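Asker: Sequence first, then the predicted structure, then my questions.
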Protein chains: 2
Amino acid sequence: MEHRIDRIKKQLHAQSYKLTPQREATVRVLLEREEDHLSAENVFLLVKEKAPEIGLATVYRTLELLSELKIVDKINFGDGVSRYDLRKEGAEHFHHHLVCIECGSVEEIVDDLLEDVEKIVQDDWGFQVKDHRLTFHGICKQCQKAAVKTST
Amino acid sequence: MEHRIDRIKKQLHAQSYKLTPQREATVRVLLEREEDHLSAENVFLLVKEKAPEIGLATVYRTLELLSELKIVDKINFGDGVSRYDLRKEGAEHFHHHLVCIECGSVEEIVDDLLEDVEKIVQDDWGFQVKDHRLTFHGICKQCQKAAVKTST
DNA sequence: ATTTATATTTATAATAATTATAATATAAGT
DNA sequence: ACTTATATTATAATTATTATAAATATAAAT
């Protein structure tokens, strides 16, 4: 964990930003809850436990900054709230998501499934791809099982 | 155009909703601006030209309804506004988007590029895919050309 | 054609997420 | 320690969206 904080600190310094205590607390929360997809509000509440004096606007600003530096990705599942997701270390690309329409759970797929598709977009449409967002909506394993049980 | 309005009318009636004048005006705007990706506000202003007495909330409600009936797709490019996009006739799936990070233009890809990927998700992750959203961020043809010109 | 029940709209207020502002505090470099 | 630029806090403002209640329109049944 300290290692990753250090790296992020360097990334900030490289652009002459500081890793203030508030920013560090925010990053720590993101690291601790890496599997989750926290909204700004979520992050704020969690950071508040570590650093009660922090303001919501600071969290927003920090997330925005981290987003610009590509340390986190800002995602939107269409529920009116932005969510913030640490980029995996060394991940060039955004990872994909599986959103369950039954229970709302969100799974991540880190594999890059889109190499072929990107090639098509590049070659056939002349569009130079920099990044992508892919979300599948459907029914997760658990909910499929539950459905089978109920129907018997 | 009248043909498509008729079809939408039937889709509404099938769920015992009515095609009120306000709803019709809204649908007409969506049809006329099919290539665009209008926000609710955009739609509202355009509908107001046809039917000045319409209220913003009605537009929101209509778009929500059309969205539930899968007549339009509600999309979000991460700029804090929902956009509404008519489904192509007969299109089972959501279409994909190419968003230019230079000029902000949005192109559509109607082909289904994801059949193989969906199969992987289904087989390897046990996730039953119902729909997907795929957006590429990058540089469009026009901006690529412009960049070449500038750099010479 | 009238009545009745239901669906829809309008106008307005409320909410929720996010961003801007001004005053204050902090950190880094001299 | 002092200066300067940057960041934070607390608060207000903005923006998008949703809820509410009263009024209106519509369709079905008489």
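Answerer: Looks like it came in fine. Computed from a predicted model, the values in this text were never measured in an experiment.
Asker: any bit of the top strand by length along chain A sitting next to chain B?
Answerer: In chain A, taking DSSP state E as the definition, the longest strand is strand A:128-139. Yes. Interface with chain B: strand A:128-139 contributes A:128-139 (C-beta under 8 Å from any C-beta of the partner chain). From N, CA and C alone the C-beta is placed, and that goes for glycine too.
Asker: Please look at A:Leu63 and A:Ala40 and confirm they touch.
Answerer: Yes. Contact criterion C-beta atoms under 8 Å: A:Leu63 and A:Ala40 qualify, at 5.9 Å.
Asker: residues shared between the contacts of those two?
Answerer: A:Tyr84 (C-beta atoms under 8 Å, 6 or more residues apart in numbering or on different chains).
Asker: Which of these two has more residues huddled nearby?
Answerer: The residue with more neighbours, out of A:Leu63 and A:Ala40, is A:Leu63; 24 against 19, by other C-beta atoms under 10 Å in any protein chain shown.
Asker: got a list of what the more buried one touches?
Answerer: Applying C-beta under 8 Å, 6+ apart, the residues near A:Leu63 are A:26, A:40, A:43, A:72, A:74, A:84.
Asker: Let's see which of those residues end up in strands.
Answerer: When DSSP E is applied, the contacts of A:Leu63 are split such that A:72, A:74, A:84 fall in strands.
Asker: Pretty sure the last one sits against A:Val29.
Answerer: Right, A:Tyr84. No. Taking contacts as C-beta under 8 Å, A:Tyr84 lies outside contact range of A:Val29: 10.0 Å.
Asker: what pLDDT does A:Lys18 get?
Answerer: On the pLDDT scale, A:Lys18 is placed at 90.
Asker: same check, this time on A:Leu113
Answerer: So A:Leu113 comes in at 87 (pLDDT).
Asker: A strand includes it, no?
Answerer: No. Read with DSSP: H, G, I helix; E, B strand; the rest coil, A:Leu113 is coil and lies in no strand.
Asker: what about it, neighbour count?
Answerer: Look at A:Leu113: counted by other C-beta under 10 Å, it has 19 neighbours.
Asker: Likewise for A:His13?
Answerer: Neighbourhood size, A:His13 [other C-beta under 10 Å]: 11.
Asker: Likewise for the one 10 residues further on?
Answerer: Neighbourhood size, A:Arg23 [other C-beta under 10 Å]: 23.
Asker: quick one: it and A:Thr62 touch, right?
Answerer: Yes. Between A:Arg23 and A:Thr62 there is a contact under C-beta under 8 Å: 5.1 Å.
Asker: Now do the shared contacts for A:Tyr84 and A:Val29.
Answerer: A:38, A:43.
Asker: tell me the contacts of the residue lying closest to A:Glu102 once chain neighbours are set aside?
Answerer: What sits nearest to A:Glu102 in space, not counting adjacent residues and going by C-beta to C-beta, 6 or more residues apart in numbering or on different chains, is A:Cys143, at 4.0 Å. Residues counted as contacts of A:Cys143 (C-beta under 8 Å, 6+ apart) are A:100, A:102-103.
Asker: can you list these in TSV and add secondary structure and distance to DNA strand D?
Answerer: Converted to TSV, the contacts of A:Cys143 look like this (DSSP: H, G, I helix; E, B strand; the rest coil; distance: C-beta to the nearest atom of the strand, whole Å):
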residue	secondary structure	distance to DNA strand D
A:Cys100	strand	20
A:Glu102	coil	20
A:Cys103	coil	20
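Asker: which of those are close to DNA strand C?
Answerer: Checking the contacts of A:Cys143 against DNA strand C by C-beta under 7 Å from any atom of the strand, not one of them is in range.
Asker: most surrounded residue in those?
Answerer: Most surrounded of the contacts of A:Cys143: other C-beta under 10 Å gives A:Cys100, at 21 neighbours.
Asker: ok, and the closest non-adjacent residue to that one?
Answerer: A:Cys140 is the one closest to A:Cys100 (C-beta to C-beta, 6+ apart), at 3.9 Å.
Asker: who touches the residue most central in space within chain A in this structure?
Answerer: Chain A has A:Asp85 as the residue nearest its centroid, 1.5 Å off, counting by C-alpha atoms, centre = their mean. A:Asp85 sits next to A:37, A:72-75, A:95 when contact means C-beta under 8 Å, 6+ apart.
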